[in-house]
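Asker: Mind looking at a prediction? Sequence and model below.
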Amino acid sequence: MMAGMETVNATQLKNRLGEVLKRAALGPVAIERHGRIVAWLVPPAAAKARAGKAPSARPRWGRREEERVIELCARGDFRPSRWLRAGDPRLLAGVAAMLASQPGFDRTRMLGLAERLHPGISAPAAFSRWLARSPVQAARFLPMVKARMRDPGAFAP
């Protein structure tokens, strides 16, 4: 066995299959029974190839996508089906979580929408990662939403 290689015993595998599968997606995990390795869980070739690469490209966020989301925000539309049609769920979940902290938005409903779109996004660490990686610039986006709320005809296409 190689140094640093993960090993779990068969009982751990049985009792914590989901957790072990997550670890196996990142690298080989040895399965041990009675002190001997009896099997390996290894990631598929495609997962191995992705593991060494940077995260996938940012979701598209051009003026068209931005305008669609500004319209949803200004209308106060909390229907997840509408938001899902507007673009990438993780990106939009971050927008909803961001709006939860803004005056004029129902914090509870916006956080509920964020969680429906991407579970876990309202946790501080997850939202912080979203802010760091998001193409949405809060300093630009939030004033545009507020302007649209004041004047529904503002920025009309």
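Answerer: Right, received. Where do you want to start?
Asker: which residues of this protein score low on pLDDT?
Answerer: Within the chain, the stretches with pLDDT under 70 are 1-5, 45-59, 153-157.
Asker: who's in contact with the residue of the chain positioned farthest from its centre?
Answerer: Largest separation from the mean C-alpha position in the chain: residue 34, at 40.0 Å (Cα atoms, centre = their mean). Residue 34 makes contact with no residue, according to Cβ atoms under 8 Å, 6 or more residues apart in numbering. No exception for glycine: its C-beta is placed from N, CA and C like everyone else's.
Asker: In three-state terms, label residue 37 for me.
Answerer: strand (DSSP: H, G, I helix; E, B strand; the rest coil).
Asker: How far off centre is stretch 74-84?
Answerer: Mean C-alpha position of stretch 74-84 versus that of the full chain (Cα atoms, centre = their mean, to the nearest Å) differs by 18 Å.
Asker: Next, the buried residues of that stretch.
Answerer: For stretch 74-84, burial by neighbour count (16 or more other Cβ atoms under 10 Å) applies to 74, 78, 80, 83.
Asker: Could you point out the helix or strand that follows the strand or helix carrying the last one?
Answerer: By that I understand residue 83. Here residue 83, judged by DSSP states H and E, is contained in helix 80-86. Moving toward the C-terminus from helix 80-86, the next helix or strand (DSSP H and E) is helix 89-99.
Asker: so what secondary structure elements neighbour that next one?
Answerer: helix 63-75, helix 80-86, helix 107-117, helix 124-133, helix 138-150 (3 or more Cβ pairs under 8 Å, 6 or more residues apart in numbering; DSSP states H and E).
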